[in-house]
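**Q** Have a look at this prediction, sequence included:
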Amino acid sequence: MADKPTLTTSAGAPVPSNENSLTAGTRGPVLMQDYQLLEKLAHQNRERIPERTVHAKGWGLQGTFTVTKDITKYTCAKMFSEVGKQTEVLSRWSTVAGEAGAADAERDVRGFSLKFYTEDGNWDMVGNNTPVFFVRDAYKFPDFIHTQKRHPRTNLRSPEAMFDFWAAQPESVHQVTILMSDRGIPKNPMHMNGYGSHTFSMWNAAGERFWVKFHFKTQQGHKFYTNAEAEKLIGKTRESYQEDLYNAVEKGEYPKWTLYIQVMPEEDALKTPYNPFDLTKVWPHGDYPLIEVGVLEMNQNPDNYFQMVENAAFSPSNIVPGISFSPDKMLQARVFSYADAHRYRLGTHYEALPANAAKAAKVNHYHKDGAMRFFTNDFGNPDAYYEPNQYDGPVADAGAQEPPLRIDGDMDRYGNPQEMDDFTQPRALYEMFTDEQKQRLYTNYAQAMGPCSKGVKERWFAVLEKVHPDYAAGVRKACEELDSDVNAVPITSETATDAEEVNTAPDTV
Ligand code: NDP
Ligand code: HEM
C-alpha cells in the first residue's frame, strides 16, 4: 500500500473512500455532503465533447518528419531549411461520414491530418487520401455533408441522397470514381497516400512565389479490402485501423511516407488548360513532376488518446512563413471553418491544449481572458497587455509577410464556367484501371447504388457516359445484374480468400 499514490479530490485533498457512499446508517440514504460522490458523477456527465461534424472517427500517432532533399529554392520555411532537419509531428487519420463509433473498414474517403510543430509555429496539413474533392465551391460543402449523414426521418444513411446530389454536380465524378475504386477501403492508414489536395503556395528567401501540391506517398504500399472482405472483417472487429496502427507501433514497425511536392511557377497558373486552383483537378505528373522532400515516420502511440487525438485541432489556417494559401475558393472557406469548429468543439483556448500548443516556437499574443484561460502570457512585464505599448511587449514581424499577390477580375458568382472540363481527368483515371479493377469498380457502384431509384441511377449513368461509355455501360450492367439477383454474392478479389489476406496494388511512383 505504502508505495501507491494517495487518491485525492481534484482540489488535492485525500479521498477516504472510492467505493462506499456516506449514508445515514447501513440502509440509509446518501448524505448531500458526500461531495466526492457528486463530483465523480458530475465528471462522468461531462466526459463527452461534441464529435467532429465530419471526420468524427479517427486514429492518431506521434512521430517525426526528416528533410532528405533541399527545397530551399522554393521555400524559406524553417522546417525545410536543411537536409537532415527533424520536426515533431502529430497525425490523425479519419473517415469522413461515420460517427465516432463507426466501423473503421467502411467505404469512404480518409482524412490525412498532420500537425508539424515547427520553430516558426505549427503548420497543419489537413488533407485526404485523395488528390481531389467532390465539389469546388464551399457553398456546396454543407449540402454535400448532409447527403453523407443520416436522413432526418429515417435516421438512416441515404444512397438516394448521395447519388441525387452527385448527379447534379458532375464535377464530383472524379472523386466518386476514386471512392468506388479499390482505394475506397484502404487496409488501414499505413497503406494509403495523403494529399494536401488543394493548391498551396511557397515562397523563398528571394520573395519568389510558387504554387505547390503536397503528396505523402506510403512506403508500405497500397493495400485495400474489397466490399466482401470489409464486411467479413467488420463482423469480427469494428476497430481494425486502431488495432493495426497501435500494434504496428508497439512492435516497432513504424509506418513511413515520402513527402513529394509538385511545383508550378507563379506565372504558369495563367497558362494551364485547367484551373490549377480547382480542387476537383490534379496537376498531371507529366506536366509537374514529383519532387522529393523528406520522410514522415510515425513512431509513437499517444499516452492518452483523448488528450492528443480527440483534442487535436487541425486547421488549414495554421501556416508558417514560407508556406501559404492559394486562390482556391474551397481552401479560402476552410481557412475560416476549422477554427470556428474548434472553438465550438473544444473551447476558446483550444490552441493551448497539449496537442495543439506550439512545441518548438514561443507563443506570444495579446488575446485576453475568456473561459478556461489557464495560462498567462509572460512577456516579462504585466503592464504589456495591449499593443502598442512602452514595455517591450511582442511586436509584429514584417518579414513574415508573404510576397504581394496580384489579384484582379470582375466580382461575380461564376458557377461552372464553360472551360471547366470535369471529365478528362476522371477518364484518365478510369483508363488506368486494369480489367479486374474496373470490374470491382462496377460492382462497388452496384452495391452502393442498389437502393437508389431508377431516376437517380439514370442521371448518374448519364454523368458516367461523359467520362467513358464503357464506364457507364459497366456500372449499368452491374446494377442490372444485382437488381435481377437480390441474393447475388458480392464479388471478392481474385487473390484474397480471407479478410486478413488483403490486396496489394503496385506502387506507381
Ligand atoms: P500518372 O500515371 O503519372 O499518375 C497516375 C496516378 O494515379 C498515380 O499517382 C497513382 O498512384 C494514382 N492512382 C492509381 N490508382 C488510383 C486509384 N484507384 N485512385 C486514385 N489514384 C490512383 O498520371 P497523371 O498524373 O496524368 O494522372 C492521371 C490520373 O491519375 C488523374 O487524372 C487522376 O485521376 C489520377 N491521379 C493523379 C495524381 C496526380 O497528382 N497527378 C495523383 C493521384 C491520382 P499514386 O497515388 O501512388 O500517385
Ligand atoms: C474536418 C469543414 C473540406 C479534410 C473538418 C471539420 C470541419 C470541416 C468543420 C471538423 C473540424 C474539427 O472539429 O476539428 C470543411 C469545410 C470544407 C472542408 C467547410 C470545404 C469548404 C475539406 C477538404 C479536405 C478536408 C477538401 C481534404 C482535402 C478534413 C479532415 C478533417 C476535417 C482531414 C479532420 C481533421 C482532424 O483529423 O481532426 N472539416 N472541410 N476537408 N476536414 Fe474538412
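**A** Done, it's in. Ligands and ions are numbered 1, 2, ... in the order given.

**Q** what helix or strand is the residue positioned nearest the centre of the chain on?
**A** Note on the chain: the residue nearest the mean C-alpha position is residue 111, at 2.7 Å, using C-alpha atoms, centre = their mean. Here residue 111 sits within strand 110-118, counting by DSSP states H and E.

**Q** which secondary structure elements does the helix or strand following that strand contact?
**A** Sequence-wise, the next helix or strand downstream of strand 110-118 (DSSP H and E) is strand 121-128. Contact partners of strand 121-128 among helices and strands, from 3 or more C-beta pairs under 8 Å, 6 or more residues apart in numbering; DSSP states H and E: strand 110-118, strand 194-195, strand 209-218. C-beta coordinates here come from the backbone N, C-alpha and C atoms, glycine included.

**Q** Which secondary structure elements does the second one sit against?
**A** To tie it back to what came earlier, the one meant is strand 194-195. strand 110-118, strand 121-128, strand 209-218.

**Q** Check whether the shortest one comes near ligand 1.
**A** No. Applying C-beta under 6 Å from any ligand atom, one finds strand 121-128 separated from ligand 1 by no less than 11.1 Å.

**Q** Need the contact partners of that strand.
**A** Residues from elsewhere that reach strand 121-128 (C-beta atoms under 8 Å, 6 or more residues apart in numbering): 77, 79, 109-116, 194-197, 214, 216, 314-320, 323, 334, 338, 356, 358, 361, 363.

**Q** Keep the residues you listed, but drop any that are not near ligand 2.
**A** 111, 113, 197, 314, 334, 338.

**Q** Would you enumerate the residues in contact with the nearest residue to the fourth one once chain neighbours are set aside?
**A** In this case it means residue 314. Nearest residue to residue 314 in three dimensions, chain neighbours excluded: residue 113, at 4.1 Å (C-beta to C-beta, 6 or more residues apart in numbering). By C-beta under 8 Å, 6+ apart, the contact set of residue 113 is 91, 92, 93, 94, 124, 125, 126, 127, 312, 314.

**Q** Could you list every helix and strand in contact with the strand or helix carrying the third one?
**A** Just to be clear, that refers to residue 93. According to DSSP H and E, residue 93 maps onto strand 86-95. On a contact count with 3+ C-beta pairs under 8 Å, 6+ apart, strand 86-95 meets strand 58-67, strand 110-118, strand 291-300.

**Q** which parts of the stretch 101-250 of the chain sit against ligand 2?
**A** 111, 113, 126, 127, 128, 133, 138, 141, 197.

**Q** Just the closest of these to residue 68, please.
**A** Residue 68 has its nearest neighbour among those in residue 127, at 20.1 Å by C-beta to C-beta.

**Q** Name whatever forms a beta bridge with the closest residue to ligand 2 within the chain.
**A** Of all residues in the chain, residue 111 sits closest to ligand 2, at 2.7 Å by C-beta to the nearest ligand atom. When assigned by DSSP bridges, residue 111 has beta-bridge partners residue 94, residue 128.

**Q** So it sits against residue 57, correct?
**A** No. Taking C-beta atoms under 8 Å as the definition, residue 111 is not a contact partner of residue 57, at 9.6 Å.

**Q** per-residue pLDDT, the residue of the chain closest to ligand 2?
**A** pLDDT, residue 111: 98.

**Q** And it, how far from residue 129?
**A** Distance from residue 111 to residue 129, counting by C-beta to C-beta, to the nearest Å: 8 Å.

**Q** now swap in residue 375 and tell me
**A** Counting by C-beta to C-beta, the separation of residue 375 from residue 129 is 35 Å.

**Q** Over to residue 274?
**A** Separation of residue 274 from residue 129 (C-beta to C-beta): 22 Å.

**Q** who's more crowded, those two?
**A** Neighbours were counted for residue 274 and for residue 129 using other C-beta atoms under 10 Å; residue 129 has more, 24 against 17.

**Q** Now render the helices and strands packed on strand 121-128 as a markdown table, adding distance to residue 18.
**A** Converted to a markdown table, the helices and strands packed on strand 121-128 look like this (distance: least, C-beta to C-beta, whole Å):
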| stretch | distance to residue 18 |
| --- | --- |
| strand 110-118 | 36 |
| strand 194-195 | 44 |
| strand 209-218 | 46 |
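
**Q** and those as a markdown table, adding distance to ligand 1?
**A** Output for these, formatted as a markdown table (distance: least, C-beta to the nearest ligand atom, whole Å):
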| stretch | distance to ligand 1 |
| --- | --- |
| strand 110-118 | 12 |
| strand 194-195 | 7 |
| strand 209-218 | 6 |
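
**Q** Nearest to residue 386, out of these?
**A** Comparing the helices and strands packed on strand 121-128 by their distance to residue 386 (C-beta to C-beta), the top pick is strand 110-118, with 28.3 Å.

**Q** any idea how far residue 443 lies from ligand 1?
**A** Distance from residue 443 to ligand 1, counting by C-beta to the nearest ligand atom, to the nearest Å: 14 Å.

**Q** check which helix or strand covers that residue.
**A** Applying DSSP H and E as the criterion places residue 443 in helix 435-449.

**Q** Toward the C-terminus, what is the element adjacent to that helix?
**A** Scanning forward in sequence from helix 435-449 by DSSP H and E, the next helix or strand is helix 454-467.

**Q** packing partners for that next one?
**A** helix 159-167, helix 173-180, helix 424-432, helix 435-449, helix 469-484.

**Q** got a markdown table for those helices, with distance to residue 381 too?
**A** Below are the helices and strands packed on helix 454-467 laid out as a markdown table (distance: least, C-beta to C-beta, whole Å):
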| stretch | distance to residue 381 |
| --- | --- |
| helix 159-167 | 56 |
| helix 173-180 | 53 |
| helix 424-432 | 57 |
| helix 435-449 | 62 |
| helix 469-484 | 67 |
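
**Q** So for residue 415, which of those helices sits nearest?
**A** Nearest to residue 415, of those and by C-beta to C-beta, is helix 159-167 at 16.5 Å.

**Q** Any chance you could give me that closest one in CSV, C-alpha atoms only?
**A** Output in CSV follows, covering the C-alpha atoms of helix 159-167 (Å, rounded to 0.1, in the frame of the first residue of the first chain):
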residue,chain,number,x,y,z
PRO,A,159,-27.7,6.4,-51.1
GLU,A,160,-30.6,8.1,-52.9
ALA,A,161,-29.5,11.5,-51.4
MET,A,162,-25.8,10.8,-52.2
PHE,A,163,-26.3,9.9,-55.8
ASP,A,164,-29.0,12.6,-56.3
PHE,A,165,-26.5,15.2,-55.2
TRP,A,166,-23.6,13.8,-57.1
ALA,A,167,-25.7,13.5,-60.3
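
**Q** For it, name the packing helices and strands.
**A** helix 141-148, helix 435-449, helix 454-467.

**Q** Would you point to the one among those that's packed deepest?
**A** Of all these, helix 435-449 has the most neighbours on average by mean count of other C-beta atoms under 10 Å, namely a mean of 20.

**Q** Would you pull up how far it lies from the middle of the chain?
**A** 25 Å (C-alpha atoms, centre = their mean, to the nearest Å).

**Q** Next, the angle helix 424-432 makes with that helix.
**A** 120 degrees (axes from the mean of the first three to the mean of the last three C-alpha atoms, to 10 degrees).

**Q** the inter-axis angle of helix 435-449 versus helix 159-167?
**A** Going by the same axes, to 10 degrees, helix 435-449 makes 120 degrees with helix 159-167.

**Q** model confidence over the helix holding residue 443, on average?
**A** According to the model, helix 435-449 has a mean pLDDT of 98.

**Q** Same check on stretch 187-206?
**A** Mean predicted lDDT for stretch 187-206 stands at 98.
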